[in-house]
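Novice: Please find the sequence and the predicted model below.
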Amino acid sequence: MSLSAALNTSVTGLATIQTQLSVISGNVANAQNANYTRKTVTLTTPTAGGQPQAALVSSVIRATAPYLQADYYAATANYQQLITASDNARTLAEALDATSTTGKQSTLEGLMTDYEDALKQLEATPEDTALKALVVQRGQSLATEVNRLAGLRSQLESQAQQDIQSSLSTLNEASANIAKLNTQIVSQKAAGNPTGDLEDLRDAEVAKIAELVGVRTVVSDTGVMTVYTDTGTMLAGSTAQKFSYDSTTGSISNANGVAVTDGFRTGSIRAELDYLDSSAQALASNDGNVGTLAKFFNQLDSLARNIADVVNAAYDDPATAAVEQFFTYNAADPAGSLEVNAALVATPTNVNAGRAAAVQQAMRSTTLTAAQVNPAGDPNGLQISSVTIFGLASGILAYNAKLTSENETNRDTAESLQYTLDQKIRNLTGVDMDTELAQLQTLQTNYAALAQIMNAITEMFDQMIAIGS
């Protein structure tokens, strides 16, 4: 080999080592970056005249685990769906005071007991006008709590709708970013430049979408990644789809106005859609996370209606021709459906003390049928019957506490699965510092050898020049 050929080989080798050092430096610098994948340099050894030449950089590739990544996206969508369902269920259970661990009665049960106690006191001293006023006051407190809970509907619906809007905004932004990155990746790949870092950025955007809706991806030979929901609705490719939510109809549409709600089968968006769903199909579902909000308020409406029916049936004096009512119930106004009879509020002394014992007994002994608890025209998911109104209140609390507990258990299981998959992916695609340092030592040795060769060649050239002069 001539001196010039040897020099060219050394220079080429140093250039290759420089590229390798740059890649390793990038790996080390991003070792703690969750969105970074390990990059490696592949080399090729050309020949000239049958003789091997210095190794050249063939490509810089990133470590991938596509099958695990697909499983991770599915696990992420499921986990985020359960997080949202758990949060929603806990909000309702806490509104009911159904998650207390103190052993005390819930607020609702306590107010029912207070009302019953006032009746007991009035039974013992029926001529006491102050106790009559207390019965009215306790009845009003109970009605106020039932109506307060029912009045949460618009607030909770509005919050869930805002969450969907926000999630779709994030989805649209991530889809647009993927389309932009696809363009950059195709350009860089066509020019023969590394695209690993751009692909990492693109995967980070896909991961954002996977929290909102289940996804699957397809990458073409040119480098374009097309992202679909797990039901096949296209989200992004060379261009990005844009979605909007109609809170009136509860549907999601694409830019062409085509409804694609069914395409959002998993993820946090699906959890919110199910939570808000008030269709007959949702209310008939045995899944507590479907039609959750409508079932909850149907439960409260059932309680209000049955309190009024049971109390009024016992309060009405059969010895009189007039129909006497203690509570009024207005089915047309669920947010204010239960009220104490306005005439009694105005004149508490008119409370029928003689019926106090009958009302107490009715509250504790009148059993409700399944149709009274969970009417066909106003289904609420409760699977109980032959309970008193106290039992109905307890059943509502138990239903929501159980839904919260089950969701949180399932959420924790889903979190464990997602974490396990994430760690497996990191083990396969992440940066291992020991490996990188070992490669640095190898490159250092190669660099030193090439440097010695160049020094030797330089000295030989100097000697030749000195001889020639």
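Specialist: Thanks, I have the structure now.

Novice: Can you give the domain ranges for this protein?
Specialist: Domains of the chain are assigned by automatic domain parsing as 3-63+430-468, 66-429.

Novice: Can I get the ones you listed in JSON lines including mean pLDDT and mean neighbour count?
Specialist: Glycine gets a C-beta too; all of them are placed from N, C-alpha and C. Putting those into JSON lines (pLDDT from 0 to 100; neighbours: other Cβ atoms under 10 Å) gives the following:
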{"stretch": "domain 3-63+430-468", "mean pLDDT": "77", "mean neighbour count": "14"}
{"stretch": "domain 66-429", "mean pLDDT": "95", "mean neighbour count": "18"}
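
Novice: so how far is stretch 110-130 off the chain centroid?
Specialist: Centroid separation for stretch 110-130 versus its chain: 47 Å, with Cα atoms, centre = their mean, to the nearest Å.

Novice: Show me the helices in the protein, by range?
Specialist: Using DSSP state H, the helices of the chain run over 3-29, 66-95, 107-124, 129-150, 153-190, 196-212, 268-276, 280-284, 292-315, 342-346, 356-365, 370-373, 389-429, 433-468.

Novice: now the angle from the fourth one to helix 389-429?
Specialist: Right, helix 129-150. 30 degrees (axes from the mean of the first three to the mean of the last three Cα atoms, to 10 degrees).

Novice: Pull helix 129-150 out as CSV, backbone CA atoms only.
Specialist: What follows is helix 129-150, C-alpha atoms only, in CSV (Å, rounded to 0.1, in the frame of the first residue of the first chain):
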residue,chain,number,x,y,z
THR,A,129,-94.8,23.3,68.3
ALA,A,130,-91.0,23.6,68.4
LEU,A,131,-90.6,19.9,67.5
LYS,A,132,-93.1,20.4,64.6
ALA,A,133,-90.8,23.1,63.3
LEU,A,134,-87.8,20.8,63.8
VAL,A,135,-89.5,18.1,61.7
VAL,A,136,-90.0,20.6,58.9
GLN,A,137,-86.4,21.9,59.3
ARG,A,138,-85.0,18.4,59.1
GLY,A,139,-87.1,17.5,56.2
GLN,A,140,-85.9,20.6,54.4
SER,A,141,-82.3,19.7,55.1
LEU,A,142,-82.8,16.3,53.6
ALA,A,143,-84.5,17.7,50.6
THR,A,144,-81.8,20.3,50.2
GLU,A,145,-79.0,17.7,50.2
VAL,A,146,-80.9,15.5,47.6
ASN,A,147,-81.4,18.5,45.4
ARG,A,148,-77.8,19.7,45.8
LEU,A,149,-76.6,16.4,44.5
ALA,A,150,-79.0,16.5,41.6
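
Novice: What is that helix packed up against?
Specialist: Secondary-structure packing of helix 129-150 (3 or more Cβ pairs under 8 Å, 6 or more residues apart in numbering; DSSP states H and E): helix 107-124, helix 292-315, strand 338-340, helix 342-346.

Novice: who touches that helix?
Specialist: If you take Cβ atoms under 8 Å, 6 or more residues apart in numbering as the criterion, helix 129-150 is touched by 95-96, 107-108, 111-112, 114-115, 117-119, 121-122, 125, 297, 300-301, 303-304, 307, 326-327, 334-340, 344-345, 348-351, 353, 356.

Novice: quick revisit: TSV for the helices and strands packed on helix 129-150, including distance to residue 137?
Specialist: Conversion of those to TSV gives the following (distance: least, Cβ to Cβ, whole Å):
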stretch	distance to residue 137
helix 107-124	8
helix 292-315	15
strand 338-340	9
helix 342-346	9
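
Novice: Any idea which of these gets closest to residue 265?
Specialist: helix 292-315 (17.2 Å; Cβ to Cβ).

Novice: any idea of the angle the closest one forms with helix 356-365?
Specialist: Going by the same axes, to 10 degrees, helix 292-315 makes 140 degrees with helix 356-365.

Novice: correct me, but residue 204 touches residue 35?
Specialist: Yes. The pair residue 204 and residue 35 passes the contact test of Cβ atoms under 8 Å, sitting 4.3 Å apart.
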